[in-house]
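J.: my questions are about this predicted structure, shown below with the sequence.
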Amino acid sequence: MTNLLETVTGELQAAQFIDMHTHLFRPSLGTLGLWGIDELLTYHYLEAELFRSSDITPEQYWSMSKKEQADAIWKTLFVDHLPVSEATRGVVAVLQAFGLPTQSKNLSEVRKFFNAQKIESHIEKVLQLAGISEVVMTNDPLDPAEAPLWKKSAPHKAFHAVLRLDRILNKWTEHWKVLEQAGYKVEQYLSPKGVREVRRFLDDWAKRMKPVYMAVSLPDTFQYPEESTRAQLLREAVLPACRDLGIPLSTMIGVRYQVNPAIKLAGDAVGKADLRALENLARNFPDNRFLVSVLSRENQHELCVYARKFNNLMPFGCWWFLNNPSIVEEMSRERIEMIGMSFIPQHSDARILEQVIYKWRNTRRTLAPILANSYELLVADGGSVSRERIREDIQRLFRGNFQKFCGLQADNAPVTLKTKA
Ligand code: RAT
Ligand code: ZN
């Protein structure tokens with residue numbers, strides 16, 4: 001094969017990916033789904049940058065309307081300065097993808113375009129531009145804005161649900177009463193009966209949502225085992241439920257929550273975690289599968305080592321502060337060198353629909369030379385590579401590994417014909 005980079009680039013371009021972790025919502029979950037220019041500009045990654053480059057205080061910012069906030073961010077980060085950071089460039093890429101002006105002083109033309117879109121067809125267009133066939137949501141049954149919507153939310157072929165457990169596992173003291181009010185006999189200090197009731201809650205919501213996995217984000221201080229409600233709930237309710245449902249638990253480890261509460265969602269930071277906790281989970285629960293993303297750059301190598309020890313761990317994504325070309329490059333090389341193609345290179349973590357366009361475009365751009373280089377090395381060492389094998393690898397990385405790990409039907413699985421009654 002003459003030009004490996006060209007072949008890999010072409011195959012990455014042609015493949016349809018599964019976006020296995022986002023904060024997007026299917027249209028029947030109403031106004032939870034964020035899209036359009038004002039949402040794109042008030043993304044918390046950009047809010048953090050605003051406070052570095054303007055004198056606006058968080059207090060002033062939070063008292064503005066969404067439109068005023070978006071205007072302030074546009075002026076500061078796109079008009080007064082060149083938008084060179086990953087998150088600002090992303091907005092430019094989205095505007096360019098829709099043929100909209102990227103350098104105007106105000107947003108009126110851009111707003112007019114987004115206001116004219118109808119959500120269903122807009123979603124279809126965005127997914128097509130991003131080269132993704134499905135997105136995986138984040139669904140918290142204890143979110144008061146979300147839970148009631150599930151009573152009558154129609155499924156959507158492109159959106160999978162995920163049962164997110166942050167409130168239950170990280171803030172039980174603040175949230176156990178919500179379960180109690182919903183008719184589950186739980187108490188703050190959990191008895192065996194209370195734990196069984198949490199399990200019943202999880203089973204009920206799993207029936208309602210049909211999640212492809214359960215998920216939790218965890219602090220850098222996360223330990224397992226330990227004397228805590230979180231460890232008890234993991235051991236006695238969450239992991240048995242995942243096992244019996246045949247779905248993985250996604251653990252996203254390493255957040256230092258709210259180091260600066262004044263800037264709200266942008267106020268979380270990162271800390272190096274003790275991955276012995278993960279080792280203990282993987283070893284003590286061999287019948288469970290764990291999707292794992294760790295937030296600290298310093299934890300990435302260890303995660304690859306653990307993935308070599310335990311095949312019930314699936315490293316995924318370059319999460320949040322790691323989703324920058326320099327770090328994605330380093331992490332992806334390390335992963336391929338240590339565990340071949342047995343991982344999931346990226347998820348978008350998109351909060352606003354159109355972000356999938358730039359996030360997946362950047363992933364393709366960053367990964368093409370890395371994949372090509374690993375094939376070049378193989379050829380230099382005497383191996384051989386074909387377009388078909390490259391295509392298979394890309395399918396595996398961006399679809400198959402996820403489908404298999406979550407027990408979903410593989411793309412090439414034989415179609416099961418319904419027999420007539
Ligand atoms: O990347 C983000 O947007 C973070 O704020 C978090 O939402 C994180 O991805 C998470 O899922 O907890
Ligand atoms: Zn996320």
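T.: Received it, and whenever you're ready, just let me know what you need. Ligands and ions are numbered 1, 2, ... in the order given.
J.: show me the contacts for residue 72.
T.: Residue 72 makes contact with 50, 54, 56, 61, 64 under the criterion C-beta atoms under 8 Å, 6 or more residues apart in numbering. Every C-beta, even on glycine, is put in place using the N, C-alpha and C of the backbone.
J.: same deal with residue 197?
T.: 179, 184-186.
J.: filter those to the buried ones?
T.: By neighbour count, with 16 or more other C-beta atoms under 10 Å, these hold 179, 184, 186 as buried.
J.: now distance to residue 349, pLDDT and secondary structure too, for the residues you listed, in JSON lines please.
T.: Output for the buried ones among the contacts of residue 197, formatted as JSON lines (distance: C-beta to C-beta, whole Å; pLDDT from 0 to 100; DSSP: H, G, I helix; E, B strand; the rest coil):
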{"residue": "179", "distance to residue 349": "28", "pLDDT": "98", "secondary structure": "helix"}
{"residue": "184", "distance to residue 349": "31", "pLDDT": "98", "secondary structure": "coil"}
{"residue": "186", "distance to residue 349": "31", "pLDDT": "98", "secondary structure": "coil"}
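J.: list just the nearest of the residues you listed to ligand 1.
T.: residue 179 (21.4 Å; C-beta to the nearest ligand atom).
J.: just give the nearest non-adjacent residue to the closest one, would you?
T.: Here the nearest residue to residue 179 in space, its sequence neighbours aside, is residue 186; by C-beta to C-beta, 6 or more residues apart in numbering that works out to 4.9 Å.
J.: surely that neighbour meets residue 178?
T.: No - contact between residue 186 and residue 178 fails when scored by C-beta atoms under 8 Å: they sit 9.6 Å apart.
J.: okay, residue 217 and ligand 1: tell me how far apart.
T.: 4 Å (C-beta to the nearest ligand atom, to the nearest Å).
J.: one more: residue 229?
T.: Distance from residue 229 to ligand 1, counting by C-beta to the nearest ligand atom: 20 Å.
J.: per-residue pLDDT, that residue?
T.: We have a pLDDT of 97 for residue 229.
J.: list the contacts of it.
T.: Contacts of residue 229 (C-beta under 8 Å, 6+ apart): 172-173, 189-190.
J.: residue 380: how many residues sit nearby?
T.: The local packing of residue 380 (other C-beta atoms under 10 Å) involves 8 other residues.
J.: again with residue 53
T.: For residue 53, the neighbour count with other C-beta under 10 Å is 13.
J.: again, but for residue 339
T.: 18.
J.: for residue 192, same thing?
T.: Every residue meeting other C-beta under 10 Å relative to residue 192 is counted, giving 9.
J.: so what's it closest to, chain neighbours aside?
T.: Among residues not flanking residue 192 along the chain, residue 236 sits closest, at 7.9 Å (C-beta to C-beta, 6+ apart).
J.: wasn't that neighbour part of a helix?
T.: Yes - Residue 236: assigned to a helix according to DSSP: H, G, I helix; E, B strand; the rest coil.
J.: who touches it in this structure?
T.: Contacts for residue 236 (C-beta under 8 Å, 6+ apart) come out as 192, 195, 199.
J.: restrict those to those near ligand 1?
T.: Applying C-beta under 6 Å from any ligand atom, the subset of those adjacent to ligand 1 is empty.
J.: CSV for the buried ones among the contacts of residue 197, including distance to ligand 1?
T.: Shown next, in CSV, are these (distance: C-beta to the nearest ligand atom, whole Å):
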residue, distance to ligand 1
179, 21
184, 25
186, 24
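J.: buried among the contacts of residue 72? Need that as a selection in PyMOL.
T.: Those of the contacts of residue 72 that count as buried under 16+ other C-beta under 10 Å are selected in PyMOL with:
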select buried, resi 50+54+61
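J.: how about the helices in the stretch 151-300 of the chain?
T.: Remark: helices assigned in the stretch 151-300 of the chain by DSSP state H, counting those that start in this stretch are 166-170, 172-181, 192-209, 229-233, 239-245, 276-284, 300-309.
J.: measure the residue nearest to residue 192 to ligand 1 for me?
T.: Separation of residue 236 from ligand 1 (C-beta to the nearest ligand atom) stands at 24 Å.
J.: those residues of the stretch 1-150 of the chain touching ligand 1, which are they?
T.: By C-beta under 6 Å from any ligand atom, the part of the stretch 1-150 of the chain that sits against ligand 1 consists of 23, 138.
J.: now do the strands in the stretch 1-150 of the chain.
T.: Along the stretch 1-150 of the chain, the stretches classed as strands by DSSP state E, counting those that start in this stretch are 17-19, 132-136.
J.: out of those strands, deepest packed?
T.: Comparing those by mean neighbour count (mean count of other C-beta atoms under 10 Å), strand 17-19 comes out on top with a mean of 26.
J.: before we move on, back to that, distance to residue 290 added to the buried ones among the contacts of residue 197, as JSON lines?
T.: Converted to JSON lines, those look like this (distance: C-beta to C-beta, whole Å):
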{"residue": "179", "distance to residue 290": "25"}
{"residue": "184", "distance to residue 290": "26"}
{"residue": "186", "distance to residue 290": "25"}
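J.: so residue 279 touches residue 306, yeah?
T.: Yes - applying C-beta under 8 Å, one finds residue 279 in contact with residue 306, separated by 6.0 Å.
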